[in-house]
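just coords:
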């Protein structure tokens with residue numbers, strides 16, 4: 001296994017940028033994300049990781065770029081992503097496809113709108129925050145096991161672990177990515193794998209799974 005400590009600065013930066021971009025995206029699309037996708041800057045940190053991360057399928061980033069190139073402008077991109085985000089993750093007449101909360105995947109499959117929120121994963125996330133002296137903003141009304149919050153926490157662990165050369169933070173980053181996040185995010189990806197109207201979200205979720213798997217294969221230090 002490769003050590004997290006031995007990763008070069010370029011790879012560290014790319015990983016952090018990817019986690020930050022994924023966290024923003026799963027809060028829901030916005031005009032800034034749409035512009036970044038149109039200009040190619042959104043996917044650039046993921047492309048920087050291609051030599052290291054085994055993205056599945058291998059042509060996934062090219063496929064994502066192909067989707068964006070078929071859309072006329074940033075406004076078209078925004079509405080394309082927004083419709084699918086609401087339909088897949090928030091609310092749908094056909095039933096919610098894939099909620100963005102770890103608590104909804106405890107039994108191995110999401111149970112849609114009837115899935116229990118604030119389950120054990122949410123309670124455990126609050127304990128993780130407390131153990132690191134972190135608190136959620138008073139304006140944050142989402143459960144702490146929302147995918148974006150978990151991605152932000154992983155970002156925190158890696159950024160500070162590398163900056164402070166802290167083996168405790170890096171050890172938690174590896175276990176959090178592999179043991180806490182990878183199982184349920186993989187099930188989330190499976191729930192939307194057959195989505196055909198907007199292939200962007202199945203593909204970008206597969207990218208997230210690939211990055212979590214990559215991190216889980218490391219050891220914290222040499």
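Thanks, I have the structure now. In this text, all values refer to a predicted model and were calculated from it rather than measured experimentally.

Tell me which stretches of the chain form helices.
Chain-ordered helices for the chain, with DSSP state H as the definition, fall at 9-25, 31-39, 44-49, 60-69, 74-85, 120-131, 147-164, 167-175, 182-192, 200-216.

Can you say which of those helices is nearest to residue 98?
For residue 98, the closest of the helices of the chain is helix 182-192, at 4.1 Å, according to C-beta to C-beta. Where you see a C-beta, it was placed from the backbone N, CA and C, and this is true even at glycine.

in the one helix or strand in the chain whose mean pLDDT sits lowest, what counts as buried?
Of all the helices and strands that make up the chain, the one with the lowest confidence by mean pLDDT, DSSP states H and E is helix 120-131; it has a mean of 91. Within helix 120-131, the residues that count as buried by 16 or more other C-beta atoms under 10 Å are 121-122, 125-126, 128-129.

about what we covered before: compare the helices of the chain and give me the one nearest residue 137.
That would be helix 147-164 among the helices of the chain, by C-beta to C-beta, at 10.5 Å.

Flag the shaky bits of the protein, pLDDT-wise.
Across the chain, the ranges flagged by pLDDT under 70 are 1, 92-96, 107-117, 138-140, 220-222.

Name all residues that make contact with the residue nearest to residue 200 when sequence neighbours are not counted.
By the measure of C-beta to C-beta, 6 or more residues apart in numbering, the closest residue to residue 200 outside its immediate chain neighbours is residue 67, 5.4 Å from it. In this structure, residue 67 makes contact with 199-200, 203, judged by C-beta atoms under 8 Å, 6 or more residues apart in numbering.

Derive a ChimeraX selection command for the buried subset of those residues.
Here is the ChimeraX command that selects the buried residues among the contacts of residue 67 (16+ other C-beta under 10 Å):
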select :200,203
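
wait, which of the contacts of residue 67 is closest to residue 32?
Taking C-beta to C-beta as the measure, residue 32 lies nearest residue 200 of the contacts of residue 67, at 16.3 Å.

ok, that closest one - contacts?
Taking C-beta under 8 Å, 6+ apart as the test, what residue 200 contacts is 64, 67-68, 80-81, 84.

Closest one of the residues you listed to residue 38?
Residue 38 has its nearest neighbour among those in residue 68, at 6.7 Å by C-beta to C-beta.

Name the nearest residue to that closest one, sequence neighbours excluded.
For residue 68, the nearest residue in space outside its immediate sequence neighbours is residue 37; the separation is 5.1 Å by C-beta to C-beta, 6+ apart.
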